[in-house]
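Colleague: Show me the folded form of this:
(chains A and B)
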Amino acid sequence: MSEKMPATREFTMPRDLSGILKDAPPGAWVALSHDKTHVVGTAKSIEAASLQAQFNGERDPVLIKIPLEDEGMAAGVK
Amino acid sequence: MKFTYTRAFPYTPPRPYLDIVLRNGFATTKLIALVDSGADYPIFPSEVARSLDINLSKAPTWPFSGTSGKPQEAKLAELLLTVLRENGSDHAFQEATVKCAFCDDFSLSGVLGQKGFFSTFKTTFHQPDNWFEIDPWDSRLRRD
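Modeller: Numbering: from 1, shown residues only, chains lettered A, B, ... in the order given. Reported below is the predicted structural model:
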């Protein structure tokens, strides 16, 4: 019986957005700068968050919606 | 192509998120979406469709049980989806035409599910090491 070589493992530290999103209200859309280092807009609607980003000089924001506290994906939310 | 897990919120563990661009004609939206093998389709809030000028009034309805734990309804529409590299700007692959579901009361910015995402990209999770790999099933979607 041949011995199997151990699978190569390549541990990577996860990217962390939790610091910049920690104060975002549940249910809100948050616009992040293109490099995702800071918040450039927060609003109830995607359009308003995008507009805020433009007003703040970010032409290429990336948007994320903050989950509601009482909903999850079979996952903890607190 | 390799992608790193992201801890998006203080109360959640690192998860496989991707930066994506959705496009309908000249209208585009850049979102952070969760790769979710438990979803049947890519699912987004309906306001994403409105921001892309997609008219859902005559779109087929898809009933599903989703994040709210209650029966929900979504409308299905085709659009173009691009996965971005981790720098958040360069396209990782060519655009793919995918059928997406749009739901009025969807509480996440987007999930990437079986029909449309997993049917387009072979996806391998290396969860203990915080990364995942995606590669188009169709080599014509590769950019290199």
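Colleague: Okay, buried residues for the lowest-mean-pLDDT helix or strand in chain B please.
Modeller: The helix or strand with the lowest mean pLDDT-type score in chain B, counting by mean pLDDT, DSSP states H and E, is strand B:61-65 (a mean of 90). Of the residues in strand B:61-65, B:W62, B:F64 count as buried by neighbour count, 16 or more other CB atoms under 10 Å in any protein chain shown. C-beta coordinates here come from the backbone N, C-alpha and C atoms, glycine included.
Colleague: hmm, who's touching it?
Modeller: By CB atoms under 8 Å, 6 or more residues apart in numbering or on different chains, the residues outside strand B:61-65 that reach it are B:D40, B:Y41, B:I43, B:P71, B:Q72, B:E73, B:A74, B:K75, B:L76, B:A101, B:C103.
Colleague: now, among these, which is nearest to A:G27?
Modeller: For the contacts of strand B:61-65, the residue nearest A:G27 by CB to CB is B:C103; the value is 14.5 Å.
Colleague: from what I can see the closest one touches B:Q72, true?
Modeller: Yes: the criterion here is CB atoms under 8 Å, and B:C103 meets it with B:Q72 at 5.6 Å.
Colleague: Which one's more surrounded, those two?
Modeller: B:C103 (22 against 18; other CB atoms under 10 Å in any protein chain shown).
Colleague: How about the residues of chain B by chain A?
Modeller: Residues of chain B lying near chain A by CB under 8 Å from any CB of the partner chain: B:4-14, B:19, B:29-32, B:34, B:36, B:38, B:45, B:47-48, B:50-51, B:67-69, B:86, B:88-89, B:107-109, B:111, B:126, B:128-131.
Colleague: And those residues, which of them are buried?
Modeller: B:4-9, B:12, B:14, B:19, B:29-32, B:34, B:36, B:45, B:47-48, B:50-51, B:67, B:86, B:88, B:107-109, B:111, B:126, B:130-131.
Colleague: Which of the residues you listed fall within helices?
Modeller: Per DSSP state H, helices hold the following members of those: B:E47, B:V48, B:R50, B:S51.
Colleague: Reformat those as TSV; add pLDDT.
Modeller: Compiled in TSV, these are given as follows (pLDDT from 0 to 100):
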residue	pLDDT
B:E47	96
B:V48	97
B:R50	96
B:S51	95
